[in-house]
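Peer 1: got a predicted structure plus its sequence, pasted below:
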Amino acid sequence: MVAGLLLPPLVAAGLWFGVGEILVVSRATFQISWLGLAVVAASGIVLALLAGSRLSPVASLMGGLAFTALGVLPTIEMQGVRVLPDRWLPAGMEAGFQTVAYSGVLLFLGVALLVVSLFPSRWRSSARHIEYADPYGSSAPSPYLPQGGPEDATRPMFRE
C-alpha cells in the first residue's frame, strides 16, 4: 500500500525530469544527456517493479488512476478548457511533462497499470497450500476441492 503512494510520483517525477533533461540538452548542445537517459531508465525499472511484482495490486491501481488522470488532462485542454496552471513545474520538468503528456505516454502508462491491477492472480494471497481431508474416506481426489497450489485456486473443477 505504501508503495502505491510512493512509487508512482517517483516514476512520474523521474520520467518528466529525464525527458525534460534530454530535450533541453539536445536542443542546447546537440548532445545526448546521459543523466536524462539514466533517470528515464531508472523510472522504467521502478515502473516495471510496480506493474510486474507481487506488490499489492492496490499499488498499481492507485498509480494507474493517477497516470490516467494526468494523461486525460491534455485531452481536456485541447478542447479549449484550461485545466493545468502555467509554470507549475520547474522549466525542465515542465518540458518533460508536456512531451510525455501531450504525446499520450502518460495515458498509455495509466491504462497499462490499471489493466495490470485487474488480473486475478495479483489479488490472490500467497498463502501456503492447504491439504483437505476427504470426509468420506475415498482414495480418489474430489474434483471440487483445490488440488494444486495457487494456480488451481480459480479453477471450478480439477482438470488432468
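Peer 2: Perfect, I can see it now. What you see is a predicted model, and the numbers here were worked out from it, not measured in a lab.
Peer 1: when you work out contacts or count neighbours from here on, use the C-alpha atoms and nothing else.
Peer 2: OK.
Peer 1: list the contacts of the residue nearest the centre of the chain.
Peer 2: Nearest to the mean C-alpha position of the chain, by CA atoms, centre = their mean, lies Leu113 at 3.5 Å. Leu113 makes contact with Ala51, Ser60, Leu61, Gly63, Gly64, according to CA atoms under 8 Å, 6 or more residues apart in numbering.
Peer 1: do the same with Leu47
Peer 2: Contacts for Leu47 (CA under 8 Å, 6+ apart) come out as Leu7, Pro8, Val11.
Peer 1: mind running it again at 10 Å?
Peer 2: For Leu47, the contact set (CA atoms under 10 Å, 6 or more residues apart in numbering) comprises Leu7, Pro8, Leu10, Val11, Ala12, Ala41, Ser53, Ser60, Gly63, Leu109, Leu113.
Peer 1: please pick the buried ones from the residues you listed.
Peer 2: Buried members of these, scored by 16 or more other CA atoms under 10 Å, are Leu7, Pro8, Val11, Ala12, Ser60, Gly63, Leu109, Leu113.
Peer 1: can you list the residues you listed in a markdown table and add secondary structure, pLDDT and distance to Tyr102?
Peer 2: Formatted as a markdown table, these follow (DSSP: H, G, I helix; E, B strand; the rest coil; pLDDT from 0 to 100; distance: CA to CA, whole Å):
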| residue | secondary structure | pLDDT | distance to Tyr102 |
| --- | --- | --- | --- |
| Leu7 | helix | 90 | 22 |
| Pro8 | helix | 91 | 19 |
| Val11 | helix | 95 | 17 |
| Ala12 | helix | 94 | 14 |
| Ser60 | helix | 87 | 22 |
| Gly63 | helix | 91 | 19 |
| Leu109 | helix | 95 | 13 |
| Leu113 | helix | 92 | 19 |
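Peer 1: can you list the buried residues in the host helix or strand of Gly64?
Peer 2: Gly64 belongs to helix 57-78 when elements are defined using DSSP states H and E. By neighbour count on 16+ other CA under 10 Å, the buried set for helix 57-78 is 57-68, 70-74.
Peer 1: one step back: and which of the contacts of Leu47 is nearest to Gln31?
Peer 2: Closest approach to Gln31 among the contacts of Leu47 (CA to CA): Ala41, at 17.9 Å.
Peer 1: tell me the contacts of the closest one?
Peer 2: Applying CA under 10 Å, 6+ apart, the residues near Ala41 are Gly14, Leu15, Gly18, Leu35, Leu47.
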